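Undergrad: A structural model of the following input is requested.
(one chain, ligands or ions: 1)
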Amino acid sequence: MPAADIKRLLAEKPAALGLSVPGMPIGSPGMEVEGQPADAYTVWLFQSSGQRTPFAKLGG
Ligand SMILES: [Cu+2]
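TA: Residues are numbered from 1 along each chain as shown. Just a heads-up that it's a prediction; the model follows:
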């Protein structure tokens, strides 16, 4: 997950448990593959209620 999203979470301090990027999408930090285009992926916010909502949409 991009550091910018973690910084945004810490700055905004929503009532949430944390962020997740499931599935190790190509092009996410640490998952870059030379010669392969980045996947589109979503950074999910897990709320204290147990619901998840999109926090950021990246790549693609
Ligand atoms: Cu990976």
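
Undergrad: C-alpha from now on. contacts and neighbour counts both.
TA: OK.

Undergrad: residue with max distance from the center of this protein?
TA: For the chain, the residue at maximal distance from the C-alpha centroid (Cα atoms, centre = their mean) is residue 35, at 22.4 Å.

Undergrad: okay, and it sits in which element?
TA: Here residue 35 is covered by no helix or strand, with elements defined by DSSP states H and E.

Undergrad: contacts only, for it.
TA: For residue 35, the contact set (Cα atoms under 8 Å, 6 or more residues apart in numbering) is empty.

Undergrad: tell me how many other residues crowd residue 26.
TA: Residues near residue 26, counting by other Cα atoms under 10 Å, number 19.

Undergrad: meant to ask about residue 5, not that
TA: 14.

Undergrad: the nearest residue in space to residue 48 that is not next to it in sequence and residue 5, how far apart?
TA: In space, and not counting its chain neighbours, residue 48 is closest to residue 16: 4.8 Å by Cα to Cα, 6 or more residues apart in numbering. Taking Cα to Cα, to the nearest Å as the measure, residue 16 falls 14 Å from residue 5.

Undergrad: all helices of the protein, in order?
TA: For the chain, applying DSSP state H gives helices covering 3-12.

Undergrad: go ahead and flag the most central residue of it.
TA: The chain has residue 43 as the residue nearest its centroid, 2.4 Å off, counting by Cα atoms, centre = their mean.

Undergrad: show me what that one is bridged to.
TA: In this entry, residue 43 is beta-bridged to residue 56, by DSSP bridges.

Undergrad: same question for the one 4 residues further on.
TA: Beta-bridge partners for residue 47, by DSSP bridges, are residue 16.
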